[in-house]
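Asker: Fold the following, please.
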Amino acid sequence: MSTDTAAHPLLPLLEFILQVVHGARNITWDQVVDVATHAPQYYSIWWNNLFKESPQHVLIETSLIIFIVWLLFVRKTVDPKKSTAPEKLSNKEIDWLIDTWAPEPLVPPISEKEAAVADSMIIIDRVKPDGTLAVKGVKESVINAASFDFLSISRDPTIQDAVTGALDHYGVGSCGPRGFYGTIDQHLILEHDVAEFMGTQESICYSDGASTIASAIPAFAKKGDLLLVDEACAEPIMTGANLSRSTVRYFRHNDMADLRRLLQAIADEDVKLKRDSLQQRRFIIVEGIYRNVGDICPLDKVMELRKEFCYRVILDESLSFGVLGATGRGLTEHFNIPPMEVDVVTFTLDTVLSSVGGICVGTHEIVDHQRLSGAGYCFSASSAPYLCAAAIQALKVMRSNYSLLQQRLQENVHHLRSELATVPGMMLVSADATPVIHLAIRRDATTTTSSTATSPVTPVTPSRTTRRTSRLSAPANANGVMVTTAPEEDWRLLVDIASECVARGVAVVTNKFTLLNKSVADLPPTIMLTVTTSYTEQDMAKIVKVLTQAAKLYIR
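Answerer: So this is what the prediction gives:
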């Protein structure tokens, strides 16, 4: 090695590397041989210098090299061919295992309450042209006294023509969600017509009615926000509140004094904790006509409290749209409140608009936000074009004949309510004259199960033969709605009455919500009936007669 090499041991290697990097073509074979010959010496010199400068680096790198060598050459894996095989079972042991094996159920066993819910359901074979039902196990036609088609627009022949035309033109499906190949001109026409009818800037169409409010609530309320919910709100609202992961507080049904107390308590808590209320989104959630009670929300008072305490309002008008207001625009029109003053307004298409799905109306900001944040809009297939065509035509029919339809509906409501008030042992829950009627067992009645009362429609519940009498003595709540100390027993009794009604030609349903949701445990189980414009005097007379006969079998 030369003097320069002795002074700088790695100099030849560095020069060789530089020549290779710069693509030099004057590299001689002697240089290559010299670098290869002295490679161990170069590596030893580099390693010693590195150890002097950074011994931790050398230790870590050495450990990694040793670990890699151990993985490649030392560690031994288990050879499955050489592993010890388990002992073989004898034929007797195999037979014993087969005989004693019991497969786990595909679904968990249901409770007695859930079994009663399942047993109370009826099977509808078809809906006849006159609107009556063909029910499995019942020979005669059954009046559908639980239909939400309040204005009976679904029977209008123009609806069927619109649906047939849409099927011929568009086919059945829409091919995807609205934001991904699922938007068709029928969706846009429906949204435009509804927004124009309601007097709002825009509207957005969902493909499922229950998913509309259940998607709108979590679209605006998130974790850390506050929701004040009427305790009698329907299940889709409760689902939306749960999905939002917000803090939920319930106020007593339609009790504005209790709502004010709750609002004031939250305001006092803000002052105590020095909390800025504007840093939290806060909503009051109500229904136009409450599905579980049948009465009307005092929206005017809710709006006053909303302005006083700076809250937003979410209003579900699923049962009030097409029923309340001079032109059918719902609860907002009923109280002469512009729809744009209510932050979020939703309603379903499967009531008076003879279709399937839901609508949310409001400002451009309210609607546009849901196009990216409404789960039911973003991730569900859009409505079939023929369903939108049915809703578009139904809206036209409603607008052209609403005064006559509403008059007919109100006449039937008042007539049927007055007659149902005479049913022995039962009472009307709501004082409001709406087409949703709930009947509860009168609190001063003694209920009994008659041995001769049998229903050919639904199976007999296990406790039906052992239940004898039940005295209702609980008082009414703050709103005059009767509460009961035995809701389970009352509901089972109402299931028997409803089954008897179906067997006699009138389809009514029991309201199970009060039993399945603990937040409204003080509201009584009920039988729910609805009123439509298609009812004749003979139909209403039969409904009252059948209910009276069924009630006499079980209530004394």
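Asker: and V345, helix, strand or coil?
Answerer: strand (DSSP: H, G, I helix; E, B strand; the rest coil).
Asker: For the closest residue in space to R442 that isn't next to it in sequence, grab the count of nearby residues.
Answerer: Leaving out its chain neighbours, the residue that sits closest to R442 by C-beta to C-beta, 6 or more residues apart in numbering is M427, at 4.5 Å. The way it works is simple: take the backbone N, C-alpha and C, and place the C-beta from them, glycine included. Neighbour count of M427, defined by other C-beta atoms under 10 Å: 19.
Asker: Return the distance of M427 relative to T526.
Answerer: 10 Å (C-beta to C-beta, to the nearest Å).
Asker: cool, and C360?
Answerer: From C360 to T526 the distance is 29 Å (C-beta to C-beta).
Asker: Please apply the same query to A390.
Answerer: For A390 relative to T526 (C-beta to C-beta), the value is 31 Å.
Asker: Just checking, which helix or strand of this protein averages the lowest pLDDT?
Answerer: strand 469-471 (a mean of 31; mean pLDDT, DSSP states H and E).
Asker: Now the common contact residues for M427 and T526.
Answerer: Common neighbours of M427 and T526 (criterion: C-beta atoms under 8 Å, 6 or more residues apart in numbering): L439, A440.
Asker: other SSEs contacting the lengthiest helix in the chain?
Answerer: Longest helix in the chain by number of residues, with DSSP state H as the criterion: helix 385-420. For helix 385-420, the contact count by 3 or more C-beta pairs under 8 Å, 6 or more residues apart in numbering; DSSP states H and E identifies helix 157-170, helix 185-198, strand 426-428, strand 436-441, helix 537-554 as packing neighbours.
Asker: Redo those as JSON lines? Include mean pLDDT and distance to I204.
Answerer: As requested, the helices and strands packed on helix 385-420 are arranged in JSON lines below (pLDDT from 0 to 100; distance: least, C-beta to C-beta, whole Å):
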{"stretch": "helix 157-170", "mean pLDDT": "94", "distance to I204": "20"}
{"stretch": "helix 185-198", "mean pLDDT": "95", "distance to I204": "6"}
{"stretch": "strand 426-428", "mean pLDDT": "90", "distance to I204": "37"}
{"stretch": "strand 436-441", "mean pLDDT": "92", "distance to I204": "26"}
{"stretch": "helix 537-554", "mean pLDDT": "93", "distance to I204": "37"}
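Asker: ok so, going back, partners of the residue nearest to R442 in the sheet?
Answerer: A440 (DSSP bridges).
Asker: separation between it and I437?
Answerer: M427 is 11 Å from I437, by C-beta to C-beta.
Asker: in the longest helix of the chain, what's buried?
Answerer: For helix 385-420, burial by neighbour count (16 or more other C-beta atoms under 10 Å) applies to 385-398, 402, 405-406, 408-410, 412-413, 415-417, 419-420.
Asker: Check stretch 349-369 too.
Answerer: Residues of stretch 349-369 classed as buried by neighbour count (16+ other C-beta under 10 Å): 349-362, 366-367, 369.
Asker: Tell me which of the residues you listed fall in strands.
Answerer: Secondary structure from DSSP state E places G358, I359, C360, V361, G362 of the buried residues of stretch 349-369 in strands.
Asker: What is the nearest of those residues to G330?
Answerer: V361 (10.0 Å; C-beta to C-beta).
Asker: how close does the closest one get to M528?
Answerer: Looking at V361 against M528, where the rule is C-beta to C-beta, the gap reads 27 Å.
Asker: before we move on, what about P157?
Answerer: Counting by C-beta to C-beta, the gap from P157 to M528 is 30 Å.
Asker: what does D168 give?
Answerer: Using C-beta to C-beta, D168 is found at 38 Å from M528.
Asker: between those two, which one's more packed in?
Answerer: M528 (23 against 9).
Asker: Any idea what that one is bridged to?
Answerer: H438, V509.
Asker: so what's G362 up against?
Answerer: Contacts of G362 (C-beta under 8 Å, 6+ apart): T200, Q201, E202, S203, P339, M340, V342, D343, V344, V345.
Asker: What of G209?
Answerer: P236, S318, T348, L349, D350, V356, G357, G358.
Asker: what's the closest of the residues you listed to E500?
Answerer: Nearest member of the contacts of G209 to E500, counting by C-beta to C-beta, is D350, at 27.9 Å.
Asker: Check the gap between the closest one and S207 for me.
Answerer: 11 Å.
Asker: what residues do the two have in common as contacts?
Answerer: With C-beta under 8 Å, 6+ apart as the test, D350 and S207 both reach V356, G357.
Asker: what are the ranges of the helices in the stretch 251-400 of the chain?
Answerer: For the stretch 251-400 of the chain, applying DSSP state H, counting those that start in this stretch gives helices covering 256-273, 299-309, 331-334, 364-373, 375-378, 385-420.
Asker: I meant the stretch 1-150 of the chain, not that one.
Answerer: 3-7, 11-21, 29-37, 39-53, 55-69, 91-100, 112-119.
Asker: What score does W46 have for pLDDT?
Answerer: W46 carries a pLDDT score of 73 in this model.
Asker: could you give the angle of the host helix or strand of L493 to helix 537-554?
Answerer: Remark: L493 resides in helix 487-503, with elements defined by DSSP states H and E. What separates the directions of helix 487-503 and helix 537-554 is an angle of 130 degrees, with axes from the mean of the first three to the mean of the last three C-alpha atoms, to 10 degrees.
Asker: how about helix 487-503 as CSV, C-alpha atoms only?
Answerer: Taking C-alpha atoms only, helix 487-503 is exported to CSV below (Å, rounded to 0.1, in the frame of the first residue of the first chain):
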residue,chain,number,x,y,z
PRO,A,487,-98.7,-2.6,31.8
GLU,A,488,-97.6,-6.2,30.9
GLU,A,489,-101.0,-7.7,31.9
ASP,A,490,-102.9,-4.9,30.2
TRP,A,491,-101.0,-5.3,27.0
ARG,A,492,-101.6,-9.1,27.0
LEU,A,493,-105.3,-8.4,27.5
LEU,A,494,-105.3,-6.0,24.6
VAL,A,495,-103.6,-8.5,22.4
ASP,A,496,-106.5,-10.9,23.1
ILE,A,497,-109.0,-8.2,22.2
ALA,A,498,-107.2,-7.3,19.0
SER,A,499,-107.1,-10.9,17.9
GLU,A,500,-110.8,-11.3,18.6
CYS,A,501,-111.4,-8.2,16.4
VAL,A,502,-109.5,-9.7,13.5
ALA,A,503,-111.4,-12.9,13.8
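Asker: just checking, what packs against it?
Answerer: helix 112-119, strand 436-441, strand 446-448, strand 469-471, strand 509-511, helix 513-516, strand 526-530, helix 537-554.
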